[in-house]
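Participant: turn this into a structure:
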Amino acid sequence: MYTRREWLGLTLGAGAALAITPGCRPVGASATAPVGTAASRNLITRAIPSTGERVPIVGLGSSATFSSVARSEDHDALRGVLRTMIDGGATVFDTAPSYGASEEVAGAIAAELGITDRIFWATKVNVAGRGGAGADPAAARAQIEASFQKLRKPVIDLIQVHNLGDVPTQLGILQQLKAEGRIRYTGVTTTSAGRYGDLMNVMRNEPLDFIGIDYAVDNRGVEDEVLPLAAERRIGVLVYAPFGRTRLWARVADREVPAWASDFDATTWGQFFLKFAASHPAVTAVTPATSQPRNMADNLGAAMGRLPNEAQRRRMIELVEALPPASR
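Facilitator: Coordinates of the predicted model:
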């Protein structure tokens, strides 16, 4: 088993070789598949239930550290992250107007690198009403139009109502834009367990393409009802916070990845955590946020090889539950 450092060195080295060696491709890749595509890197893909369109199971989020770096003057690291994501074959990029400068900076970098049309852009809308009032439709439309400008796309792949904010008003606007051909998919999100009931009501009563939820090996509340309902209703699922934000890293600390993780091709803790979330059959893609190209490369390893089966998932849960809780 490779250590995290050894695996990253091999991955990044292989990526560099592919970039500078004409005709070089991984063993088993199609001779006609362009280097840097999901086909050439053998990334696992899942179908979006409403259409059958396939996307790689690991993408990129833009909250947390990505958002923090986007606010800075130096965007070289984010440029490297997006380049690594696309060269590695991933496509799904999750963002939101509330993630600071993430939308605007990612849109500018993608245009600079010439990769705008190779990204599956997933953003959000949520305009808070004043004094407990609902969302102002004009303000919601203005926020959406700003996203089109920042992402530099005439058609956005996915826009979701962020945190279930005034769903009747804002989802109604998204559905109208979808009918006009300006949005390909619509959905809603929440990362609050207290709102799972509200989420499921929307799932049962609206024609959603996607939901976005929090899910991790030590945060499995959506397994009981939300994920089964998504499968039943044929709704795609984007997973947020698969590392429990930073909680899981604190829990594993400096422990070694268990040797048995090699049975499902996980060589680092990041891959261990991502493969758990991605292995649920209702999950479409997992979007961990990072501002480091080396972490993006590591994350892509979770979309390669085997995923854990049910028995292995139970063993993963048992291991994590035996760890000390993260300090507050």
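Participant: average pLDDT across stretch 181-197?
Facilitator: On average, the pLDDT along stretch 181-197 is 98.
Participant: could you do stretch 220-235 as well?
Facilitator: Averaging pLDDT along stretch 220-235 gives 98.
Participant: pull out the buried positions in it.
Facilitator: The neighbour-count check on stretch 220-235 (16 or more other CB atoms under 10 Å) flags 222, 226-227, 229-230, 233, 235 as buried. For glycine as for every other residue, the C-beta is placed from the backbone atoms N, C-alpha and C.
Participant: dump that stretch to PDB, restricted to CA.
Facilitator: Written as PDB, here are the backbone C-alpha positions of stretch 220-235 (Å, rounded to 0.1, in the frame of the first residue of the first chain):
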ATOM      1  CA  ARG A 220     -25.500   9.200   8.100                       C
ATOM      2  CA  GLY A 221     -28.900  10.700   9.000                       C
ATOM      3  CA  VAL A 222     -29.900  10.900   5.400                       C
ATOM      4  CA  GLU A 223     -29.700   7.200   5.000                       C
ATOM      5  CA  ASP A 224     -32.900   6.400   6.800                       C
ATOM      6  CA  GLU A 225     -35.400   8.300   4.600                       C
ATOM      7  CA  VAL A 226     -33.800  11.000   2.400                       C
ATOM      8  CA  LEU A 227     -31.600   8.800   0.200                       C
ATOM      9  CA  PRO A 228     -34.200   6.000  -0.200                       C
ATOM     10  CA  LEU A 229     -36.800   8.700  -1.300                       C
ATOM     11  CA  ALA A 230     -34.300  10.100  -3.800                       C
ATOM     12  CA  ALA A 231     -33.900   6.700  -5.300                       C
ATOM     13  CA  GLU A 232     -37.600   6.200  -5.400                       C
ATOM     14  CA  ARG A 233     -38.300   9.600  -6.900                       C
ATOM     15  CA  ARG A 234     -35.400   9.300  -9.300                       C
ATOM     16  CA  ILE A 235     -33.700  12.400  -8.000                       C
END
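Participant: name the element Ser326 belongs to?
Facilitator: Quick fix: residue 326 is Ala, not Ser. Here Ala326 sits in a region with no helix or strand, counting by DSSP states H and E.
Participant: about what we covered before: out of the buried residues of stretch 220-235, which comes closest to Ser279?
Facilitator: Of all the buried residues of stretch 220-235, Ser279 sits closest to Leu227, with 11.8 Å by CB to CB.
Participant: give me the below-cutoff pLDDT ranges for the stretch 1-150 of the chain.
Facilitator: Applying pLDDT under 70 to the stretch 1-150 of the chain flags residues 1-41, 129-132.
Participant: ok, which stretches of it are strands?
Facilitator: Per DSSP state E, counting those that start in this stretch, the stretch 1-150 of the chain carries strands over the ranges 45-47, 54-56, 60-61, 92-94, 120-125.
Participant: in the second one, which residues are buried?
Facilitator: Of the residues in strand 54-56, those scored as buried under the neighbour-count criterion (16+ other CB under 10 Å) are 55-56.
Participant: which residues are in contact with it?
Facilitator: Contacts with strand 54-56, where a contact means CB atoms under 8 Å, 6 or more residues apart in numbering, come from 38, 43-48, 89-92, 120, 284-285, 303.
Participant: hey, what's the nearest residue to Ala241 once chain neighbours are set aside bridged with?
Facilitator: In space, Ala241 comes closest to Asp214 once its chain neighbours are excluded; the distance is 4.5 Å by CB to CB, 6 or more residues apart in numbering. Beta-bridge pairing for Asp214 (DSSP bridges): Tyr240.
Participant: so what's Asp214 up against?
Facilitator: By CB under 8 Å, 6+ apart, Asp214 lies in contact with 191, 222, 239-241.
Participant: of those, which is the most crowded?
Facilitator: Neighbour counts for these (other CB atoms under 10 Å) peak at Val239, which has 28 neighbours.
Participant: surely that residue and Ala285 touch.
Facilitator: Yes. Val239 is in contact with Ala285 according to CB atoms under 8 Å; the separation is 7.2 Å.
Participant: who touches both of the two?
Facilitator: Common neighbours of Val239 and Ala285 (criterion: CB under 8 Å, 6+ apart): Ala278.
Participant: from Asn201, how far out is Pro308?
Facilitator: According to CB to CB, to the nearest Å, Pro308 and Asn201 sit 32 Å apart.
Participant: which of those two has more neighbours?
Facilitator: Set side by side, Pro308 and Asn201 show more neighbours around Pro308, with 20 against 13, by other CB under 10 Å.
Participant: contacts only, for the closest residue to that one other than its chain neighbours.
Facilitator: In this structure, Pro308 finds its nearest non-sequential neighbour in Phe264, 4.3 Å apart by CB to CB, 6+ apart. Counting by CB under 8 Å, 6+ apart, Phe264 touches 275, 279, 305-309, 312.
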